[in-house]
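> build me a structure from this.
(one chain, ligands or ions: 1)
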Amino acid sequence: MTSTIDPKTIGRPTRPRRHVRSLTGFLPEKDAAGKEKWPRGDEKEWRSALRGLDTDVGSITKSVVHHVQTSLARQPHNLDDLGAYQAAALSVRDNLILNWNETQLQYTRKAPKRAYYLSLEFLMGRTLDNALLNLGLKDEYKDGIKRLGFSIEDILEQERDAALGNGGLGRLAACYLDSSASQELPLWGYGLRYKYGIFQQLISPEGNQLEAPDPWLEHQNPWELPRLDVVYDVRFYGQAERLDGKGRAQWTGGQEVLAIAYDVMIPGYGTQTTNNLRLWESRPKRGFDLNSFNAGNYEGAVESSNSAEAITSVLYPNDHTTFGKELRLKQQYFWTAASLADILRRFKNLDKPITEFPEYAAIQLNDTHPTLAIPELMRVLIDEEELDWNTAWGIVTNTFFYTNHTVLPEALEKWPVPLIEHVLPRHMQIIYDIVSLRSFFLTRTLSDASSSRTSVERKFPHDRERLARMSLIEEGQPKQVRMAHLACIGSRKVNGVAELHSDLVRTTILKDFVEFEGISKFGNVTNGITPRRWLDQCNPELSALISKTLKLDKTVWLKDLTKLEGLLPFTEDKAFCKEWAAIKQRNKERLAHHVELTLGLKVNTNALFDVQIKRLHEYKRQTLNILGVIHRYLTLKNMTPAKRKKVVNRVVFFAGKAAPAYYIAKLTIRLIVNVARIINADPDTKDHLTLYFLPDYSVSLAEVLIPASNISQHISTAGTEASGTSNMKFCLNGGLLLGTVDGANIEIAEEVGESNVFFFGHLTPAVEDLRFQHLYHPVPLEQKCPALAHVLNQVSAGLFGDGHVYEPLLNTVRQGDYYLLSDDFDSYIAALGMVDEAYSDSEEWVKKSIRTTAKMGKFSSDRAINEYAESYWNIEKVPVTK
Ligand SMILES: *Cc1c(COP(=O)(O)O)cnc(C)c1O
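Below you'll find the predicted structure:
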């Protein structure tokens, strides 16, 4: 597959592009007195034309109509909802661009230290509503759009989700961008502009998940600005030849592709700050391999262009699993190389010595996906900047910060040495240099780079096992590079994403590094969510009630979420409680309406709404939930009609995508769909229990589901869910939590009080021992958990269609039971019973709901981003004013 491009390639001259200045990032020139000079033309003429945009309703309709006529080249008589959406989006975008310009100019002027968030995923969802809210122009546009004969609700529905992510990790990145701009922090995101985002999920009549491509760019994307002047070369393959004894080398040949920037504007809430998300697209380097053409090998000559474009063509649909595809490695390098080149160019515009780089840039690695940035920065500093090894390593280890997102073994990234050697020969040399140099000494800060070197061997003499455990290279066939180890030693600080998870990072996967480098390098930043999208936008009625009750404008409490505590006294206010419950009810009806529109099914809104929506994964235990549903169904079937009437009626919602190659997860979906088919049609029980699998889970679907939930399930095996963020979204909207003692569930319970959550299941310290018991002292399921055994037998016997189909899934429970369903099933069923009991006392339930929302202040992503800014990146606010 290697397409080697002849260096004698001719065509358009290939100019060196690495350090081209882009046209952004320039400052106005100053005169002798230090005053900024007007660059050109008649200043008065310019200034009167440079006025900001008017935002009264009349000006807004003019601007929308202007875009209808010019940008879209349409007329009032041929304008549909999609056209109206596009024109409105372009009009809103004009406002964003002006703020963006002002923000970036301010950053250039002030030259503050900046932070960069490198994430392979940004799960942004829709933009128009969020932009209107953050700009404070929602009412004006609503009115203006209405005057033009459209409804804002219909127009908002026209937008496709930007779904450049799999799940929690990508959504976290999106929440952090929102918070960075809202907190006026100079932060840019860097990612890839995938042509196809996460696949669209379809469900076949048999209940199988089918995957269709997500051509989200089909209709133009008004939210991005192509930056054709921001272009970098990125090399793959070729040869790396060492030049001298100082570790320098020359990397030549191979394939070169171009990285082109697309900028996405990120508006802050109630600020003028508009940050940037820069997404890279790969393109072939123009120029022809004339030799190929002469040989009549047209296909060979255009092959390089195909493979260049392939790099950013598709988001890999894996969540919490890795698989060593060459193209994925190329994505990771392409993205980190382009991002680093861009960050370095910006730094170079400051004319500071390169050793000061860490004083101007902090780079956050969102999981190990961007870890190649560490050897890449070493390569640039050593081979291009000609620094010595220690100086370069000192710069690197003061620039990067690494967030770990999982301790699941199957999710820890490793890349085969031969693959890296082939695709990135120079980087493999550097990784080997880090290995050999670091096993003898370790430099921690720039200042002790040349003096005090501590060595693993000196600290733990003759501990060969420890050295092997800590090595960057795992022995085996083939040898593999452990990316988490590389990210750890190459970073200034490391963090997990909730207290329990950060503890597990320190005591399990990075224990040796804690013992070696000291505990202070290993911190915690509990995840957060943006209350703008996840309360104000998705639940406007609740937001309005909160503002009215607190007697605070929402611009105040949405930026200081601890203000929600002011709701606590109102649990005693009957009218308030009634209104709170009525809003939940209307949100349930809104969801039911959505289900009727999309699936044609009628939902009973007089039942408890029980929701589990997240990626399908064995560790998240959707299987436990569906087996619990079956248990409930069988129990109901055994009751007399009179007794059934006393049971709390329940509607269960599932949504979530499975990785296309994840067989067991897909089988779980199939079971859910077929259980729904049988149960929903059973006249004995259908008033008391129904369930729905809503296809194609997305941010927009989450925005409808979350405000409607009475209870949501976060039931991972203890110690496996690093944090979770949907748990926070539900609780912020007054939905109660049913969960295990895991991830951020624990901290949520600490805040809202254990009496307001429903916990069950074994605790983290017991898990290892239970797994050992399963392996070496297995107890028959009939004996250990008869209720669960009965449920499995009913599935096997064909109660939900051919039982055979489900055997592989059922066997994960019967044999080995790695995720401990048989250990937790009884306490799970008991917890569901407690939910029923609590829900029966509707007055008390509403109070629990209010108390939950009131105590969720901690989980704002504003708090989280400020922790990163202060304790990790050392960056400060840069206010932007007109
Ligand atoms: C919040 C969110 C997630 C994360 O959900 P968890 O339950 O925390 O895994 C995944 N997908 C979408 C669309 C989300 O909005």
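> any idea which residue of the stretch 451-600 of the chain lies closest to the ligand?
Closest approach of the stretch 451-600 of the chain to the ligand (C-beta to the nearest ligand atom) occurs at residue 529, with a separation of 7.2 Å. Where C-beta positions appear, they are placed from N, C-alpha and C, glycine not excepted.
> partner residues bridging that residue?
With DSSP bridges as the criterion, residue 529 is bridged to residue 860.
> and it, how many neighbours does it have?
By the criterion of other C-beta atoms under 10 Å, residue 529 has 29 neighbours.
> then the one 3 residues further on?
Here the count is done by other C-beta under 10 Å, and residue 532 has 26 residues near it.
> and the nearest residue to it once chain neighbours are set aside, what is it in contact with?
Once flanking residues are discounted, residue 532 sits nearest to residue 269: 5.1 Å by C-beta to C-beta, 6 or more residues apart in numbering. Neighbouring residues of residue 269 by C-beta atoms under 8 Å, 6 or more residues apart in numbering: 133-134, 178, 181-182, 532, 555, 558-559.
> can you tell me which of the residues you listed are buried?
Among those, the ones that count as buried by 16 or more other C-beta atoms under 10 Å are 133-134, 178, 181-182, 532, 558-559.
> dump those residues to JSON lines, plus distance to residue 474.
As requested, the buried ones among the contacts of residue 269 are exported to JSON lines (distance: C-beta to C-beta, whole Å):
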{"residue": "133", "distance to residue 474": "48"}
{"residue": "134", "distance to residue 474": "46"}
{"residue": "178", "distance to residue 474": "38"}
{"residue": "181", "distance to residue 474": "40"}
{"residue": "182", "distance to residue 474": "42"}
{"residue": "532", "distance to residue 474": "43"}
{"residue": "558", "distance to residue 474": "47"}
{"residue": "559", "distance to residue 474": "46"}
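> spell out which two among those residues are the most distant pair, please.
181 and 558 (13.5 Å; C-beta to C-beta).
> before we move on, back to that, surely the residue of the stretch 451-600 of the chain closest to the ligand and residue 732 touch.
Yes. Taking contacts as C-beta atoms under 8 Å, residue 529 lies within contact range of residue 732: 7.0 Å.
> gap between the two ends of stretch 413-432?
Distance between the two ends of stretch 413-432: 18 Å, counting by C-alpha to C-alpha, to the nearest Å.
> then stretch 506-525?
Across stretch 506-525, first to last residue, C-alpha to C-alpha, it's 14 Å.
> what comes up buried for that stretch?
For stretch 506-525, the neighbour count (16+ other C-beta under 10 Å) marks 506, 509-510, 512-514, 516-517, 521-525 as buried.
> between those, which sits nearest residue 29?
residue 525 (41.6 Å).
> quick one: residues contacting that closest one.
Residue 525 neighbours (C-beta under 8 Å, 6+ apart): 403, 495, 497, 864, 867-868, 871-872.
> just how off-centre is stretch 747-757 within its chain?
From the chain centre to the centre of stretch 747-757 is a distance of 25 Å (C-alpha atoms, centre = their mean, to the nearest Å).
> ok so, going back, can you pull the phi/psi pair for the residue nearest to residue 532?
Backbone torsions for residue 269, taken as degrees, to the nearest 10, come to phi -90, psi 120.
> look at it and report its pLDDT.
Looking at residue 269, its pLDDT stands at 98.
> repeat for the one 3 residues further on
According to the predicted model, the pLDDT of residue 272 comes to 95.
> what's the neighbour count on it?
Residue 272 has 19 nearby residues by other C-beta under 10 Å.
> skipping adjacent residues, who's closest to it in space?
Take residue 272 and drop its neighbours on the chain: the residue closest to it by C-beta to C-beta, 6+ apart is residue 880, 4.5 Å away.
> what's near enough to touch that neighbour?
By C-beta under 8 Å, 6+ apart, the residues touching residue 880 are 99, 102-103, 106, 184, 271-273.
> the same query, at a cut-off of 7 Å, please.
Each residue near residue 880 by C-beta atoms under 7 Å, 6 or more residues apart in numbering is listed here: 102-103, 106, 272-273.
> what secondary structure does it sit in?
Following DSSP: H, G, I helix; E, B strand; the rest coil, we place residue 880 in the coil state.
> what residues does the stretch 701-850 of the chain put near the ligand?
When proximity is defined by C-beta under 6 Å from any ligand atom, the stretch 701-850 of the chain lies next to the ligand at 702, 724-726, 729.
> may I see those residues organised as TSV, with neighbour count and secondary structure added?
Output for those, formatted as TSV (neighbours: other C-beta atoms under 10 Å; DSSP: H, G, I helix; E, B strand; the rest coil):
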residue	neighbour count	secondary structure
702	23	helix
724	24	coil
725	23	coil
726	22	helix
729	29	helix
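> which two of these have the greatest separation?
702 and 724 (13.2 Å).
> in stretch 48-64, which residues are buried?
Counting neighbours by 16+ other C-beta under 10 Å, stretch 48-64 gives 57, 60-61, 63-64 as buried.
> how far does it stretch from one end to the other?
22 Å.
> how close does the residue of the stretch 451-600 of the chain closest to the ligand get to residue 80?
Distance of residue 529 to residue 80, computed by C-beta to C-beta, to the nearest Å: 34 Å.
> ok, residue 387 next?
From residue 387 to residue 80 the distance is 59 Å (C-beta to C-beta).
> can you check residue 624 too?
46 Å.
> one more: residue 832?
Distance from residue 832 to residue 80, by C-beta to C-beta: 47 Å.
> now do residue 361, the pLDDT please.
For residue 361, the predicted pLDDT is 98.
> quick one: residues contacting it.
Taking C-beta under 7 Å, 6+ apart as the test, what residue 361 contacts is 114, 116, 343, 347, 399.
> now it. Its backbone dihedrals?
The phi/psi pair for residue 361 (degrees, to the nearest 10) is phi -140, psi 130.
> so which residues of the stretch 401-550 of the chain form helices?
Applying DSSP state H, counting those that start in this stretch to the stretch 401-550 of the chain gives helices spanning 417-423, 425-438, 456-459, 464-470, 483-489, 499-507, 511-517, 531, 540-550.
> buried deepest among these, which one?
Here the criterion is mean neighbour count by mean count of other C-beta atoms under 10 Å, and of those the winner is helix 531, at a mean of 30.
> for it, what is the distance to the chain centroid?
16 Å.
> let me see the mean pLDDT of that helix.
The model assigns helix 531 a mean pLDDT of 98.
> stretch 246-256 now?
In the prediction, stretch 246-256 has an average pLDDT of 92.
> can I get the helices of the stretch 401-550 of the chain in a markdown table including distance to residue 775?
Listed next are the helices of the stretch 401-550 of the chain as a markdown table, based on distance: least, C-beta to C-beta, whole Å:
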| stretch | distance to residue 775 |
| --- | --- |
| helix 417-423 | 32 |
| helix 425-438 | 34 |
| helix 456-459 | 33 |
| helix 464-470 | 23 |
| helix 483-489 | 26 |
| helix 499-507 | 21 |
| helix 511-517 | 23 |
| helix 531 | 45 |
| helix 540-550 | 48 |
